[in-house]
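1. sequence-free structure coming up:
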Ligand SMILES: NC(=O)C1=CN([C@@H]2O[C@H](COP(=O)(O)OP(=O)(O)OC[C@H]3O[C@@H](n4cnc5c(N)ncnc54)[C@H](O)[C@@H]3O)[C@@H](O)[C@H]2O)C=CC1
Ligand SMILES: O=C(O)C(=O)Cc1ccc(O)cc1
C-alpha cells in the first residue's frame, strides 16, 4: 500500500507531465479515481484513447469537484486562468498543487484565487524531456529525481507531508524551499541551459557561410545535445522566460560577463585561464555523477524512442 493514497485525484493539463503523473498514479495505486481535464478537446480525446484516467471532463471546474488532490500541469502562463476556473469548485480540505517550472509567478497567479480551507502547495518535479503531449509521458519519469515544494508561510505541515509522501511514492526525493530561491536556482541549472541551447541552434541556423545541411551532417554530439534542448516545447519555454524574468536576466548578466572573460582569454592566448576553468568545470560534472544524478549519457530521463 502506498503511503499517500487519495480517493480522487484531478489532473488539469495532460501533456508530458500530467500524463506521466496519470501513469505513475495508476501503476502505484495512488488514487481510487483519476479525473482528467485539459483545454484542448483533441488532447482530452487522446488521453481517453490512451486510457489515462477514469473520467474525462471538458470543464476544469467539474473535474476538480470532490477531488482530494488537484494537480495543475499546464504552461505557467495559464496558471491564473486555471485557478480562476477551478477555485469555486475545490473541495474544502483538498490539496491543490502544480508542477510549473517557475514558482513565484505561479504563487502570484494562483494564491489569490484559492479559497480558505484548501491547502495550496506549489511544486516542481525536476524531471522532464524535450517531448510534450499525452503520448510523451511515462511512469518512471519521476524516478530518482527531485521534486521541490514551495509552500507559503502558514501552510498546514500535515498537508505538506501528505504531498511529499505522494511524490516519494512517485519515486522522487522531496525538498522544500521558498519560491524566490527556487526561481534563482532553476534559472541557472535549467532555464539558462535551455536559453543557451535555443540561442546556439538559432545562431547555427542563421549562418551564411555554413550551410544547413553541413550543420546537420557534421553535428558533433555536443551540438546534438543542444538541439535536443532546443527542441523543447515553445509555449512552455516562452512562458518560463516571461515568468522568471528577473532571475533569468540576473543569471544571463553573469553568464555574459563570464563569457566575455573567456573570449578575452582566447583572444590573448591565456591558456592557463582556459585550462583552469575547464579543470574546475570538469569537477562539477564528476560531482553530479558521484551524487547519482546522472547516468553515463546526459539523458535527463529521456524517453526511449
Ligand atoms: N516538459 C518538461 O520537461 C517539464 C515541464 N514542467 C512544467 O510542467 C508544466 C506542463 O508541461 P508539459 O507537461 O511538459 O507540457 P505539455 O505541452 O506536454 O502539456 C501541457 C498541457 O496543458 C494543457 N493546457 C494548456 N493551456 C491550458 C489551459 N489554459 N487550461 C487547461 N489546460 C491547458 C495542454 O492542453 C496540455 O494538455 C509546465 O508548467 C512546465 O513548465 C516541469 C518539469 C519538466
Ligand atoms: O529535458 C531536459 O533536459 C530538461 O531539462 C527537462 C526539464 C525541463 C523543465 C523543467 O522545469 C525540469 C526539467
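-> Great, that's in hand. All of these numbers come straight from a predicted model, not from anything done at the bench. Ligands and ions are numbered 1, 2, ... in the order given.
2. buried ones in stretch 80-89?
-> 80, 82-83, 85-87, 89 (16 or more other C-beta atoms under 10 Å). Placement of C-beta: from N, CA and C, glycine included.
3. what does stretch 163-180 give?
-> Judged by neighbour count using 16+ other C-beta under 10 Å, the buried positions of stretch 163-180 are 163-172, 174, 177, 179.
4. from those, which land in helices?
-> Filtering these for membership in helices, criterion DSSP state H, returns 163-169, 179.
5. pLDDT of stretch 214-231, averaged?
-> Mean per-residue pLDDT for stretch 214-231: 90.
6. coming back round to it: looking at the buried residues of stretch 80-89, spot the one nearest residue 99.
-> Sorting the buried residues of stretch 80-89 by distance to residue 99 puts residue 82 at the head of the list, at 12.1 Å, by C-beta to C-beta.
7. mind telling me what element that closest one is part of?
-> Assigning secondary structure by DSSP states H and E places residue 82 in helix 79-86.
8. what are the pairing partners of the helix or strand that that helix is followed by, and which direction each?
-> Proceeding N to C from helix 79-86, the next assigned helix or strand is strand 95-98, under DSSP H and E. Each strand that strand 95-98 pairs with, and the sense of that pairing, follows from DSSP bridges: strand 69-72 (parallel), strand 119-120 (parallel).
9. what's the closest of those strands to residue 193?
-> Judging these by C-beta to C-beta, what sits closest to residue 193 is strand 69-72, at 24.8 Å.
10. does that closest one come close to ligand 1?
-> No. Judged by C-beta under 6 Å from any ligand atom, strand 69-72 makes no contact with ligand 1; its nearest approach is 8.1 Å.
11. quick revisit: just give me the closest of the buried residues of stretch 163-180 to ligand 2.
-> Looking at the buried residues of stretch 163-180 and their distance to ligand 2, the nearest is residue 172, at 12.1 Å (C-beta to the nearest ligand atom).
12. and the spatially closest residue to the closest one that is not a sequence neighbour, what does it touch?
-> Nearest residue to residue 172, sequence neighbours excluded (C-beta to C-beta, 6 or more residues apart in numbering): residue 147, at 4.2 Å. Contacts of residue 147 were listed using C-beta atoms under 8 Å, 6 or more residues apart in numbering, and they are 123-127, 167, 170, 172-175.
13. am I right that residue 147 falls within a strand?
-> Yes. Looking at residue 147 with DSSP: H, G, I helix; E, B strand; the rest coil, it is inside a strand.
14. bridged to it, which residues?
-> Applying DSSP bridges to residue 147, the residues it is bridged with are residue 125, residue 174.
15. now do it, the pLDDT please.
-> At residue 147, the model reports a pLDDT of 98.
16. could you measure from residue 292 over to residue 144?
-> Distance from residue 292 to residue 144, counting by C-beta to C-beta, to the nearest Å: 7 Å.
17. more neighbours: the two, which one.
-> Ranked by neighbour count (other C-beta atoms under 10 Å), residue 292 and residue 144 place residue 144 first, with 13 against 8.
18. so how far is residue 210 from the residue of the stretch 51-200 of the chain found nearest ligand 1?
-> Using C-beta to the nearest ligand atom, the single residue of the stretch 51-200 of the chain nearest to ligand 1 is residue 128, 1.7 Å away. Taken as C-beta to C-beta, the spacing of residue 128 relative to residue 210 amounts to 31 Å.
19. between these two, tell me which one has more neighbours.
-> Applying other C-beta under 10 Å to residue 128 and residue 210 shows that residue 128 carries more neighbours, namely 24 against 12.
20. returning to that earlier point: hey, which of the strands paired with strand 95-98 is tucked in deepest?
-> Using mean count of other C-beta atoms under 10 Å, the stretch among the strands paired with strand 95-98 with the greatest mean number of neighbours is strand 69-72 (a mean of 25).
21. from the middle of its chain, how far away would stretch 250-267 be?
-> In terms of C-alpha atoms, centre = their mean, to the nearest Å, the gap separating the centre of stretch 250-267 from the centre of its chain is 27 Å.
22. for that stretch, buried residues please.
-> In stretch 250-267, counting by 16+ other C-beta under 10 Å, buried: 251-252, 265.
23. and if you look at stretch 193-203?
-> Under the neighbour-count criterion of 16+ other C-beta under 10 Å, stretch 193-203 has 194-198, 200-201 buried.
24. many thanks, have a good one.
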